[in-house]
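Visitor: Model the following, please.
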Amino acid sequence: MEPGKLFVVATPIGNLGDITLRAIETIRSIDFVICEDSREALKLLKHLEIEKPLFVLNARNETDSINKIIMKIGNGENCALTSDAGTPCISDPGVRLVNEAIRNQIQVVGIPGANAAILALSISGLPTDSFVFEGFIPQKKGRQKKLKELSEEKRTIVLYESVYRIEKLISELAEYMPDRFVVICRELTKMFEECMRGFPSNLLEQLSQSKIKGEFVVIIAPKFWKEKVYSES
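Guide: Okay, the predicted model is just below:
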């Protein structure tokens, strides 16, 4: 029996209208959907008016789930690996599944689409010819070491941060990178999308005056970058 295929399908990061036609066609054609959270997956499927069996894959059940998924694909079933928002495997579960599929000679097909980091970069106004994506930096052990390393980074830096730690992160940037221009993007593609621009100390003040909600992408300008339009603001 020919094994099935593993489709890695990017989903919208907020606005459900951002789903691609190819992603819709793929989800319609496969046998089951792999998701992080069944509630989020059901919202998308309901919007698309598609019904498919769901298979939850997250950090808690990763090992057992991967074995079961690989067995189902080996038996000829096609499946779509999705994320709660954006492109799977980018600061999200799924990398081990993709590796295991490749190891088992299962074809992995990417269906491109939304990605919060790339979207934030595109609207940041900061240099994009060379950048480093760090995702979520360590919460505790190794956090200060990582911040010190990033303070010497000469490329644009892209970070993800949660609503619970965004003020902590910006206060740390004020300590480690006070002269680096920063762009904070939140609620991208959603109704209350917002971009804040400034130096860390200014951004802390803006955050203190805002009702903080949503997921955040933080873009940090390269070291020594001095753009006139920002240096005068």
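Visitor: the domain parsing of this structure - what is it?
Guide: Domains of the chain are assigned by automatic domain parsing as 5-111, 116-231.
Visitor: Just put these in a markdown table and tack on mean pLDDT.
Guide: As requested, the domains of the chain are exported to a markdown table (pLDDT from 0 to 100):
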| stretch | mean pLDDT |
| --- | --- |
| domain 5-111 | 96 |
| domain 116-231 | 92 |
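Visitor: how about those domains in JSON lines, adding mean neighbour count?
Guide: C-betas here are computed from N, CA, C, even on glycine. Supplementary listing: those in JSON lines, determined by neighbours: other C-beta atoms under 10 Å:
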{"stretch": "domain 5-111", "mean neighbour count": "17"}
{"stretch": "domain 116-231", "mean neighbour count": "16"}
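Visitor: residue ranges of the helices in the chain, please?
Guide: For the chain, the helices defined by DSSP state H cover 21-29, 38-48, 62-74, 95-103, 116-124, 143-150, 166-176, 200-208, 228-231.
Visitor: May I see these organised as CSV, with distance to residue 87 added?
Guide: Converted to CSV, the helices of the chain look like this (distance: least, C-beta to C-beta, whole Å):
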stretch, distance to residue 87
helix 21-29, 11
helix 38-48, 14
helix 62-74, 18
helix 95-103, 12
helix 116-124, 9
helix 143-150, 23
helix 166-176, 22
helix 200-208, 27
helix 228-231, 29
